[in-house]
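Student: pasting a predicted model and its sequence here:
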Amino acid sequence: MTAACLAVLLGTGVSARALDLFTLWRQPDLPLDLTPGSWADYRHQTMTGGRRDTDLTRVVCLAAPEGRPAGDRVFEVIPLQEDDQGRLEPVPGQGVWLLVSGDIARRSGDLWDLVREAWQWDGGEARRLSVDQMRQDPLTAGFLQGDFAPDKVEHQEPATRIIDRRQFLCSQMVLSARDTQSVDLPAGRMLQTSLHEVTAAFNPELPLLGVAYAAERISSQSSFETPNPRFHAPAPRIRVEVMELVAFGRDGVSVLGRGH
């Protein structure tokens, strides 16, 4: 967990985004709706080191191609752009097409192992991705992380959220995990404590994982086991991500299509 936290803390921008739809994939309290045609648009904000980045992503769940087991699903993960009237439209020729095993409904194992086929679309051209390439691709990697294992889960009072001019009473919970590692340096042993916390609001009327809002806070603080006036531990790092559902529906269709 610490290695993942450090990678997130050191990164910036979309390429290092950690919070995504399937961050909470394994949590049994959240609904899991894989009905073909379900789609959700999310606005992401990432704040770290005084910098704020915003992007928009659409996730569409579709039936698997003919000949695949009935439980298999296709996910299209598509970057969006907002026009002057506030309408969200797919960025032309961009996105990722993923064929995923029906075992995703079991909520166990590694999401990477469930991907049977992956295609990346860039500038209207498609190329097939290997597992290693999927891990390097920002859009795919962010979507497939799904490995947050909290030490503690706390339920909070329900709250009302407004999505696309509709009100939803959402259940809320906070998930957290703490991890400490040490490393021996010439200046002495340095301890690093990382805290990973995710707050989520969800409602079963919403598609996919029912997530209306999620906020992730990752902090890392270092100190020397024995203080040494000649050396200073690195400054604390804090990264905050917010994911907010802005639109959803049940009439999704393929924008990308399978590659060749």
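Tutor: Structure's in. What do you need?

Student: what sits up against stretch 51-62?
Tutor: 12-14, 17, 20-21, 34-46, 73-82, 88, 90, 139, 143, 207-208, 246, 252-255 (C-beta atoms under 8 Å, 6 or more residues apart in numbering). Using the backbone N, CA and C atoms, a C-beta is placed for each residue, glycine as well.

Student: buried subset of these, written for PyMOL?
Tutor: To isolate the buried subset of the contacts of stretch 51-62 in PyMOL, counting by 16 or more other C-beta atoms under 10 Å, use the following:
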select buried, resi 14+17+20+21+34+38+39+40+41+42+43+44+46+73+74+75+76+77+78+79+80+90+139+143+207+208+252+255
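
Student: separation between the residue nearest to Gln192 when sequence neighbours are not counted and Val183?
Tutor: Closest residue to Gln192 in three dimensions, ignoring its sequence neighbours and counting by C-beta to C-beta, 6 or more residues apart in numbering: Ser222, at 4.6 Å. When C-beta to C-beta, to the nearest Å is applied, the distance between Ser222 and Val183 equals 9 Å.

Student: do you know the pLDDT at the residue lying closest to Ala63 once chain neighbours are set aside?
Tutor: Distances taken as C-beta to C-beta, 6+ apart put Pro36 closest to Ala63, at 4.1 Å, once the chain neighbours are dropped. What the model reports as pLDDT for Pro36 is 96.

Student: the lengthiest strand in the chain: which residues count as buried?
Tutor: Of all the segments of type strand in the chain, defined by DSSP state E, the longest one is strand 166-185. Neighbour counts using 16+ other C-beta under 10 Å place 168, 170-173, 175-177, 179 of strand 166-185 among the buried residues.

Student: C-terminal to that strand, what's the next element?
Tutor: Remark: after strand 166-185, the chain's next helix or strand is strand 188-202, criterion DSSP states H and E.

Student: any idea which helix or strand comes after that next one?
Tutor: With elements assigned by DSSP H and E, the helix or strand that comes after strand 188-202 is strand 211-224.

Student: after that next one, which helix or strand is next?
Tutor: Strand 211-224 is succeeded, C-terminally, by strand 237-249 (DSSP H and E).

Student: buried sites along that following strand?
Tutor: For strand 237-249, burial by neighbour count (16+ other C-beta under 10 Å) applies to 237, 239-245, 247-248.

Student: for the residues you listed, which one is nearest Arg68?
Tutor: For Arg68, the nearest member of the buried residues of strand 237-249 is Phe248. The distance, counting by C-beta to C-beta, is 25.1 Å.

Student: how close does that closest one sit to Ser171?
Tutor: The span separating Phe248 from Ser171 equals 17 Å under the rule C-beta to C-beta.

Student: any idea whether Asp132 is helix, strand or coil?
Tutor: helix (DSSP: H, G, I helix; E, B strand; the rest coil).

Student: oops, could you answer that again for Ser254 instead?
Tutor: Remark: Ser254 carries the secondary structure label coil [criterion: three-state DSSP].

Student: need phi/psi at the closest residue to it other than its chain neighbours.
Tutor: Taking C-beta to C-beta, 6+ apart, and ignoring the residues beside it in sequence, Ser254 has Leu62 as its nearest neighbour in space, at 5.8 Å. Geometry field for Leu62 lists phi and psi as phi -130, psi 160, criterion degrees, to the nearest 10.

Student: likewise for Leu24?
Tutor: Phi and psi for Leu24, reported as degrees, to the nearest 10, are phi -100, psi 20.

Student: use 18 as the first number for this chain going forward.
Tutor: Renumbered: residue one is now 18, and that last one reads Leu41.
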